[in-house]
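Colleague: when you get a sec, could you give me coordinates for this:
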Amino acid sequence: MQQLAITRTTHRFLPDPRRVIAKPHLPGEEVYSSDGKSRVKAVLERILAIPDSEVAAVLADVLSNFAHRHRDFTQVLHHHFQMVAHHVEQGVTVSEERRLLIGAYFTHEYSIEAAALFNPSMVPAPDQSGLAPGHQRFIMSVRAVGEGHVSSIGFRTGVIDEQCNLTFETAGSYAITGHRKRPLYDKHLFGHKLGELGADNRITSQVLDPLPERFTFDELERRLTLLHEQRIFDEVIAFETIKLIHLLASSNYLVAYPRESSVSERVIFPAGPKETQGMEDARFVRFVHDDGSVVYYATYTAFDGLEVLPQLIETADFVSFHVATLNGAHALNKGMALFPRLIGGQYVMLGRSDRENTYLLRSDNVRFWNETQLLQTPQRAWELVHIGNCGSPIETDAGWLVLTHGVGPMRRYAIGAILLDLEDPSRTIAHLPEPLMVPEPDEREGYVPNVLYSCGSMVHRDHLILPYGFSDGGIKIALTRLPDLLDLLLEHRCD
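Modeller: Reported below is the predicted structural model:
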């Protein structure tokens, strides 16, 4: 195969253990002491017993050592105090200083990038104001991994100039997890997903039927409480159904950040029960509706240590994000990537529902995926273990450009490319027989060796900008001329 000129830039992003968030720390709530008190209550009583004369000094030490590491640190401590305030005996007055100190005892720092930083995706930023001609502002998402292999979603920002030189802005001084709240739930969608989870039964009907078409979490809880008082739930199937209802409700949430914070400070940290082991490989795409309106979607994989759950993020401004479950018989497995516009009036997605082949999915609703069609199977020596995408397809005059990943001998991940028909993306126009990129010697060592992987590229002028993770140890950037890549693809048309 003719060699394509690919330039690896000098940019290199490595894990930075100094990027820390302030997380709640509730030690062993399920563990009780010999007198029957929970760990939280026992610790709280010891804090309340600290003499008033010592509280100010201990709190001053905390503020001196930690306040400069976190945005609005005292607000964080207040919030964490409120999480345990119900353990304080009625009638006990807690001073402002002691409240902050209690919050500090139930807080710990978590280094979001301590273990790894990799698998980026890149999109044009919503705000393109104030730039010189030929320049474009971008947002790059990253997968950060900390203690316990918990993945979160972070961001970096920068500008590409008219010569395709990239300048990354310095990451913000803080890492913040934002404010979470419950959304309004759509009864039809909620019930449909419960059915997929195996809870299509009379208990579900008794819970949902009286609720309005769009209901709040509090309305759901009041309904569950009422039925519990009526002893409707005195059977095993009811217990499992209620557990699934809570799981589903908690997997859909909103998270918002202060507008004065920089994009690179914002961290989407796991919040749902299916995310306890992380949020993996977000594939962001700038989606343009037929009326010209723009929204950003990102598919990602929620992981609880045992099972994966495909999820969808929606945002217009990277300030507030709506996180929701994906539904349907084919909303399965990892690596789902949305096309950037409707095709034939439908949403279209790439997926890998059987863990080794690439499928094309179509839907009238971006959150429901029931129609699928086999698109690509492992064929080349470098991809025989399994294949998948490296982010959302990119629209070109020649067709939909899809960067792929393939896994070959020694579990080496390489990056390839295919070209799909613009009007009928189930038709493959061209398929490169060899990979575009394989790990170079300085890219082979890391948390997971011998891996090149990307979650999304973007085009600037006549260049493809490809951010990629190397061996789960860091992130680099590659550039290639888009016309040259398309010409090379068209030399390898499919029959």
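Colleague: these two touch, right, residue 299 and residue 310?
Modeller: Yes: Residue 299 is within contact range of residue 310, at 6.4 Å (criterion: C-beta atoms under 8 Å). Backbone N, C-alpha and C define where each C-beta goes, glycine included.
Colleague: following the helix or strand harbouring residue 466, which helix or strand comes up?
Modeller: Applying DSSP states H and E as the criterion places residue 466 in strand 463-470. Note on strand 463-470: by DSSP H and E, the next helix or strand toward the C-terminus is strand 474-481.
Colleague: that next one pairs with which strands?
Modeller: Partners of strand 474-481 in the sheet, by DSSP bridges, are strand 7-13 (antiparallel), strand 463-470 (antiparallel).
Colleague: enumerate the positions of the first one that are buried.
Modeller: By 16 or more other C-beta atoms under 10 Å, the buried positions in strand 7-13 come out as 8, 13.
Colleague: burial count for residue 404?
Modeller: Residue 404 sits with 22 neighbouring residues when counted by other C-beta atoms under 10 Å.
Colleague: wait, it touches residue 389, no?
Modeller: Yes: the criterion here is C-beta under 8 Å, and residue 404 meets it with residue 389 at 5.9 Å.
Colleague: overlap in contacts of these two?
Modeller: residue 358 (C-beta atoms under 8 Å, 6 or more residues apart in numbering).
Colleague: quick one, helices of the stretch 101-250 of the chain?
Modeller: Under the criterion DSSP state H, counting those that start in this stretch, helices of the stretch 101-250 of the chain are mapped to 187-196, 202-208, 217-229, 236-250.
Colleague: any weak-confidence spans in the stretch 151-300 of the chain?
Modeller: 232-235 (pLDDT under 70).
Colleague: roughly how far apart are residue 337 and residue 446?
Modeller: 24 Å (C-beta to C-beta, to the nearest Å).
Colleague: between those two, who's got more neighbours?
Modeller: residue 337 (28 against 20).
Colleague: for the more buried one, name its beta-bridge partners.
Modeller: Beta bridges link residue 337 to residue 350, judged by DSSP bridges.
Colleague: so who does it touch?
Modeller: 283, 285, 299, 349, 350, 351, 389, 391, 392, 393, 456.
Colleague: are any of these buried, and if so which?
Modeller: 283, 285, 299, 349, 350, 351, 389, 391, 392, 393, 456.
Colleague: now the two most distant members of those.
Modeller: Farthest apart among the buried ones among the contacts of residue 337 by C-beta to C-beta are 351 and 456. That separation is 15.2 Å.
Colleague: how near is residue 464 to residue 455?
Modeller: Here the criterion is C-beta to C-beta. By it, residue 464 lies 15 Å from residue 455.
Colleague: which one of these two has more residues nearby?
Modeller: Taking other C-beta under 10 Å, residue 464 and residue 455 do not tie; residue 455 has more neighbours (32 against 25).
Colleague: surely the more buried one touches residue 119?
Modeller: Yes: between residue 455 and residue 119 there is a contact under C-beta under 8 Å: 5.1 Å.
Colleague: what touches both of these two?
Modeller: 143, 281.
Colleague: domain map for the chain?
Modeller: Per automatic domain parsing, the structural domains of the chain span 7-17+112-180+252-490, 20-111, 184-250.
Colleague: in CSV, could you pull the C-alpha coordinates for the strand holding residue 466?
Modeller: In CSV, the C-alpha atoms belonging to strand 463-470 read as follows (Å, rounded to 0.1, in the frame of the first residue of the first chain):
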residue,chain,number,x,y,z
HIS,A,463,-6.2,18.5,7.3
LEU,A,464,-7.5,15.7,9.5
ILE,A,465,-6.6,16.3,13.1
LEU,A,466,-6.3,13.0,14.9
PRO,A,467,-5.8,13.0,18.7
TYR,A,468,-5.0,9.5,19.9
GLY,A,469,-4.1,7.6,23.1
PHE,A,470,-0.9,5.6,23.2
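Colleague: circling back: columns mean neighbour count and distance to residue 155 on top of the helices of the stretch 101-250 of the chain, output as a markdown table?
Modeller: Below are the helices of the stretch 101-250 of the chain laid out as a markdown table (neighbours: other C-beta atoms under 10 Å; distance: least, C-beta to C-beta, whole Å):
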| stretch | mean neighbour count | distance to residue 155 |
| --- | --- | --- |
| helix 187-196 | 17 | 28 |
| helix 202-208 | 17 | 37 |
| helix 217-229 | 14 | 28 |
| helix 236-250 | 16 | 24 |
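Colleague: kindly reformat these as TSV containing distance to residue 24.
Modeller: Formatted as TSV, the helices of the stretch 101-250 of the chain follow (distance: least, C-beta to C-beta, whole Å):
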stretch	distance to residue 24
helix 187-196	27
helix 202-208	29
helix 217-229	19
helix 236-250	15
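Colleague: so which of these gets nearest residue 380?
Modeller: So among those, helix 187-196 is nearest, using C-beta to C-beta, at 34.7 Å.
Colleague: who's in contact with that closest one?
Modeller: Outside helix 187-196, the residues touching it (C-beta under 8 Å, 6+ apart) are 200, 204, 208, 211-215, 241, 244-245, 248-249, 325, 327-329, 367-368.
Colleague: can you rerun that using 7 Å?
Modeller: Here helix 187-196 makes contact (C-beta atoms under 7 Å, 6 or more residues apart in numbering) with 200, 204, 208, 211, 213, 215, 244, 245, 248, 325, 327, 367.
Colleague: looking at those residues, spot the one nearest residue 129.
Modeller: When those are compared for distance to residue 129 (C-beta to C-beta), residue 367 wins out at 31.7 Å.
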